[in-house]
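**Q** what shape does this take:
(chains A and B)
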Amino acid sequence: MSDSVRVRFAPSPTGWLHIGGLRTALYNYLFARQHGGTFVLRIEDTDQSRYVEEAEQDIVESMRWVGLEVDEGPDKGGNVGPYRQSQRTDLYREHVDQLLASGHAYVAFDTAEEIDAMRERLKTPDNPSPKYDAATRMQMMNALTLDADEVQRRLDAGEEYVVRLKVEPGQTVRFDDLIRGPVAFETDTVDDQVLLKSDGFPTYHLANVVDDHAMQITHVIRGEEWLPSTPKHVLLYDAFGWPPPAFAHLPLIMSPTGGKLSKRNADKMRIPVSVKDYIAQGYEPEALVNFLALLGWNPGDERELFTLSELVEAYSIERTAHSGAQFDIDKLQWFNGQYVRELSPTEIAERARPGVEERVGPVDPAHLEAVAALMHERLTFAHNLADAAYFFQDPTTYDEQGLKKRWKDDSAGLMRAYADRLEADDTFTEESTEAVMRQLGEDEGAGFGRIIHPVRLATTGTTAGAGMFETLVLIGREATIRRLRRAADELG
RNA sequence: GCCGCGUUCGUCUAGGGGUUUAGGACGCCGCCCUUUCACGGCGGUAACACGGGUUCAAAUCCCGUACGCGGUACCA
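**A** Model (predicted):
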């Protein structure tokens, strides 16, 4: 039991859950589920200055929206809680003391300004950002340079301090990344990372390691931006005498132009970055999950439509890509269309109603459903139904290109004639409306296209849409006749 | 600068020594279906970063270069 898989998604509540964060959560979830393991949510709220009140709830809601069910977490409980780091500060303090006692860490009194000054002073073209490390720490104010009495005196006086990891130079830290294979770092390139900040809160590195151990996490699956920090974490596990978990570093999601998918450049390309924006824009959660899963992973065969449970089945962390993937909104929308097509008319109507009613006022549910059924195949988003407002109200404008191409000198006359004949058609079915139109064409010696295209323009204002006669039936006899005559009058 | 990780069609990717005229998907283009537009079907366009090496044989292995990304905080 103790060796069963446990993974965690550990976001920082600093804003709306990012699309990249959701993908990290997804991969963790898939890994947990396919190993019959446990998926933990842990809130890493150790940065007081960046804390955003609503963020945690947004994380929970976003994950719920796509169906990533958490086994343990702040709103779920579990027996290794609490699941918010701000509620675990005593634990970190204890562990810091342990490291201090064992000589793996030391107290430092330097202020931010003093550290900046040191970096400024030691800066050379070859070394533009000197580290606080074995090479420089002996020039600073810390327990390694001050004598014990002085350190105690400062502590007693309540002077601010941080606790730093004492990184021994000249060593090589190695670990096997599940995705990338063996990775090695020289400790000479690792600085004496701050573990405990002067406000008493731990840094990410300390809290993360302590919690992953305390929560018995077996696999750390996270974004590639953490790869350079991993040697610090491995060093910490060593210092505590704990076996490190397995690590897997996921490739990053990048902007379509390369580079980071930041809020700013994503907005410019109309790519939502927050999960809440995907919800607001009417994306189907299944489509987002499917798209995200395939952005950096593939099953090895040519399938590409996967439900969440199919992904659990098919996923394998070894098949995860090694390089960053550019976000392709077109492909996401293609997925969305795929899933919208699987929706029932009732479901489409449900999703589209708010947008439709905002545009045309209250609509009859049965009518809306009939429209949904008819337009089904043509939708990328369920709410695209609102674009076909002509099912609910007379068109107010006519497509200009369409008029130019299809509206001829005889159109008005034909529209009036068709309207007149429809008056006499009591059944008004797909069959009858078509038969009437064909008869009209024969009698007037006009080609079918000469009539049907202007009719579409007159009744819908557009040149595109579902079958003409199905559309007419849904629009209704009275409205059809009214629209035909009005168009004839207005367009001449 | 330094450290790390990468590099196959425009994009997501398959392929990991001979099975490859390098496969699929999105996008784009064309045709079919349809007197509309989609959907669907069929077809087309388009890629192994570069240079060395290893080998009978390299997109595949090794080295270097270039380029990209990440990191280089008392942020995560």
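**Q** the stretch 151-300 of chain A: helices as residue ranges?
**A** Using DSSP state H, counting those that start in this stretch, the helices of the stretch 151-300 of chain A run over residues A:204-214, A:230-240, A:263-268, A:275-280, A:285-294.
**Q** go through stretch A:281-289 and flag the buried ones.
**A** A:282-289 (16 or more other Cβ atoms under 10 Å). C-beta here means a position set from N, CA and C on the backbone, and glycine is covered the same way.
**Q** between these, which is nearest RNA strand B?
**A** When these are compared for distance to RNA strand B, the smallest value, 12.0 Å, is given by A:A287; criterion: Cβ to the nearest atom of the strand.
**Q** list the contacts for that closest one?
**A** With Cβ atoms under 8 Å, 6 or more residues apart in numbering as the criterion, the residues that contact A:A287 are A:332, A:335-336, A:338-339.
**Q** among these, which one lies nearest to RNA strand B?
**A** Distance to RNA strand B across those (Cβ to the nearest atom of the strand) is lowest for A:Q338, with 6.8 Å.
**Q** quick check: end-to-end length of stretch A:241-251?
**A** This stretch, stretch A:241-251, spans 30 Å end to end (Cα to Cα, to the nearest Å).
**Q** tell me the buried residues in that stretch?
**A** For stretch A:241-251, the neighbour count (16+ other Cβ under 10 Å) marks A:244-251 as buried.
**Q** export those residues as CSV, with columns for distance to A:Q393.
**A** Output for the buried residues of stretch A:241-251, formatted as CSV (distance: Cβ to Cβ, whole Å):
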residue, distance to A:Q393
A:P244, 65
A:P245, 60
A:A246, 60
A:F247, 59
A:A248, 54
A:H249, 54
A:L250, 49
A:P251, 49
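**Q** keep only the residues you listed that also lie close to RNA strand B.
**A** Filtering these for proximity to RNA strand B (criterion: Cβ under 7 Å from any atom of the strand) leaves A:P251.
**Q** closest to A:V162 among the buried residues of stretch A:241-251?
**A** Using Cβ to Cβ, A:P244 is the member of these that sits closest to A:V162, with 24.0 Å.
**Q** quick check: closest non-adjacent residue to the closest one.
**A** With Cβ to Cβ, 6 or more residues apart in numbering as the measure, A:Y237 is the residue that lies nearest to A:P244, at 4.1 Å, once sequence neighbours are left out.
**Q** ok, the one you found to RNA strand B distance?
**A** 17 Å (Cβ to the nearest atom of the strand, to the nearest Å).
**Q** you'd agree that residue is up against A:F247?
**A** No: contact criterion Cβ atoms under 8 Å: A:Y237 and A:F247 do not qualify, at 10.7 Å.
**Q** wait, doesn't A:G337 sit right on A:L379?
**A** Yes: look at A:G337 against A:L379 with Cβ under 8 Å: they come within range, at 6.9 Å.
**Q** of the two, who's got more company?
**A** A:L379 (21 against 17; other Cβ atoms under 10 Å).
**Q** now do the same contact list for that one.
**A** Taking Cβ under 8 Å, 6+ apart as the definition of contact, the neighbours of A:L379 are A:337, A:340-341, A:348, A:385.
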